[in-house]
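Visitor: quick one, fold the following:
(one chain, ligands or ions: 2)
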Amino acid sequence: MQMVQDILIKPAGPDCNLVCTYCFYLKKKALFPESTRHRMSDDVLNFLIKGVMLDSGNPVSFGWQGGEPTLMGIKFFQKAIDCQIKYGRGQSVGNGLQTNGLLIDRDWAYFLEKYKFLVGLSLDGPKHIHNKYRLDHNGRGSWDKVVYSGKLLQDKGVAVNALTVVNDYSVQFPEEIYKFHKSGGFSYMQFIPCVETSPSDPEKAAYFSVSSIAYGKFLCKLFDLWRGDFKNGEPTTFIRLFDSLFYSYVGLVPPDCSLKQTCGNYVVVEHNGDVFSCDFFVEPKFKLGNVLHDNVSKMLNSKRQLYFGKLKRQLPEECQVCAWLPQCYGGCTKDRIRDKQDQGVNHFCSAVKTFLTHADPFYRRLADAWVQKQAAAAQNQSTMAHAAYPKIRRNSLCPCGSNKKFKKCCGTV
Ligand code: SF4
Ligand code: SF4
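Guide: Ligands and ions are numbered 1, 2, ... in the order given. Next up is the predicted model:
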């Protein structure tokens, strides 16, 4: 049974003050036709936070996104924090806000800093790249305002990551985008490759989707830039995919769900309390219940969610015999179904192969160095435990925590 640790919340549903060309979520309005304005009520908020805080593991992380979550206003988020405090059982609580930055002002910056929100700012890079698709309702680009908001947040001491969609246009500019983020103080970056079904032809990918070949080149260039910025064997910039891959190479569970063997470790809550399996599967087939009537932990561990999680394991033949399976596990489930031409294989399969062929030797060296460092640290700890307890009886349990007798453990050092 898994504990609730990550929960993604869409308090304003699919409502947004931008209409980005590539957004997959705006069309989710069709799921909630009873109103044109979607806002989470105080009742739903209270039920949701109470349910999570009473049932969750420690730590617990709330990710607020949309649509555009800042449409809810600061007072709503203050109520959310008050509920977390009221119903908390001593857990460590993290809050993340994914925003397009348009409504961010000094009051928001003050609030976000006060409660230590981690902000993900949607910023696709320099102006000509960002304004290609990130448009307002009048067709105007949003870059000037987003860059202003980013600086405001940084000046107030808010931790901000840049979230960048890689599309058919931006894929040509990996260096420009990387250097832009770095010089703007965004050393934490996340890149999301775009593939959506064409609205005019369900048999094809939409024109703004990125091709696998182009994305492979993009990743290789980005990797070279990231690696070039290493100092003393440590990265100085942080790219979510690259960091997550390191976990896979040293045998740990990677934070990026697309690299895991199964999905289903978190759920998504819509503005009306409906709960779904994943951000990319907010659809009736993957509705798990509603926080007003159902327990969040039970929904996370429900048969339907387990079924969803295992979809990722239903790999095509190509993946089953692939040398990169332990690093890739077939990628994100949604990237196998958006473009019918892919016939069930991940849209970015060739990109992954190109990139891993390029990056594998470096990751292996990095993993070896890490393993050696861990072994040296463990040896050091054991020696220190021995030195710290010189008079320990040889038949008692070893103070290094190994659960063995001292004489058979550090006592032999
Ligand atoms: S479908 Fe993709 S985004 Fe959703 S949980 Fe699975 S890997 Fe993650
Ligand atoms: S690289 Fe391609 S074939 Fe290999 S596991 Fe990933 S998606 Fe499957």
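Visitor: and the closest residue to Y169 other than its chain neighbours, how far is that from Q305?
Guide: Nearest non-adjacent residue to Y169, counting by C-beta to C-beta, 6 or more residues apart in numbering: K132, 4.8 Å away. Quick note: C-beta positions are derived from backbone N, CA and C, even for glycine. Remark: distance between K132 and Q305 (C-beta to C-beta, to the nearest Å) = 37 Å.
Visitor: compare those two (neighbour count), which wins?
Guide: Between K132 and Q305, counted using other C-beta atoms under 10 Å, the more crowded position is Q305 (25 against 20).
Visitor: sec struct for the residue nearest to Y169, please.
Guide: Following DSSP: H, G, I helix; E, B strand; the rest coil, we place K132 in the helix state.
Visitor: same check, this time on N95
Guide: With three-state DSSP as the basis, N95 sits in strand.
Visitor: hey, what's it bridged with?
Guide: Note on N95: beta-bridge partners by DSSP bridges are F62.
Visitor: check contacts around it.
Guide: If you count contacts by C-beta atoms under 8 Å, 6 or more residues apart in numbering, N95 has them with S61, F62, W64, A80, I81, Q84, Y115, K116, F117, L118.
Visitor: that older thread, tell me how far the residue nearest to Y169 lies from ligand 1.
Guide: Distance of K132 to ligand 1, computed by C-beta to the nearest ligand atom, to the nearest Å: 24 Å.
Visitor: residues in contact with the helix or strand encompassing S149?
Guide: Using DSSP states H and E, the element containing S149 is helix 143-155. With C-beta under 8 Å, 6+ apart as the test, helix 143-155 has contacts from 99-102, 104-106, 109, 112, 119, 121-123, 127, 130-131, 134, 160, 162, 184-186.
Visitor: show the subsequent helix or strand relative to that helix.
Guide: Remark: after helix 143-155, the chain's next helix or strand is strand 159-166, criterion DSSP H and E.
Visitor: F191 touches T164, doesn't it?
Guide: Yes. Counting by C-beta atoms under 8 Å, T164 is a contact partner of F191 at 5.2 Å.
Visitor: ligand 2: which of the contacts of N95 is nearest?
Guide: Ranked by distance to ligand 2 (C-beta to the nearest ligand atom), the contacts of N95 are led by S61 at 27.4 Å.
Visitor: contacting residues for the residue lying closest to that closest one once chain neighbours are set aside?
Guide: Once flanking residues are discounted, S61 sits nearest to G94: 4.3 Å by C-beta to C-beta, 6+ apart. The contact partners of G94, taken as C-beta under 8 Å, 6+ apart, are P59, V60, S61, F62, K116, L118.
Visitor: neighbours of the third one, how many?
Guide: The local packing of S61 (other C-beta under 10 Å) involves 17 other residues.
Visitor: could you check which residue of the stretch 101-250 of the chain lies nearest ligand 2?
Guide: For the stretch 101-250 of the chain, C-beta to the nearest ligand atom, closest residue to ligand 2: S212, 9.5 Å.
Visitor: check whether that residue really touches A351, as I assumed.
Guide: Yes. Taking C-beta under 8 Å as the definition, S212 is a contact partner of A351 at 4.6 Å.
Visitor: related to what we said a few turns ago, now the buried members of the contacts of G94.
Guide: The neighbour count (16 or more other C-beta atoms under 10 Å) marks V60, S61, F62, L118 as buried among these.
Visitor: ok, those residues vs N232, which is closest?
Guide: Checking those against N232 by C-beta to C-beta gives L118 as the nearest, at 26.1 Å.
Visitor: now that closest one. Nearest residue, chain neighbours left out?
Guide: Spatial nearest neighbour of L118, excluding adjacent residues (C-beta to C-beta, 6+ apart): G96 at 4.7 Å.
Visitor: any idea how far ligand 1 is from T236?
Guide: With distances taken as C-beta to the nearest ligand atom, T236 is found 28 Å from ligand 1.
Visitor: find me the pLDDT at the residue lying closest to that residue once chain neighbours are set aside, would you?
Guide: Closest residue to T236 apart from its sequence neighbours, by C-beta to C-beta, 6+ apart: D229 at 4.8 Å. Reading off the confidence values, D229 has pLDDT 98.
Visitor: from what I can see D229 touches F238, true?
Guide: No. Contact criterion C-beta under 8 Å: D229 and F238 do not qualify, at 10.2 Å.
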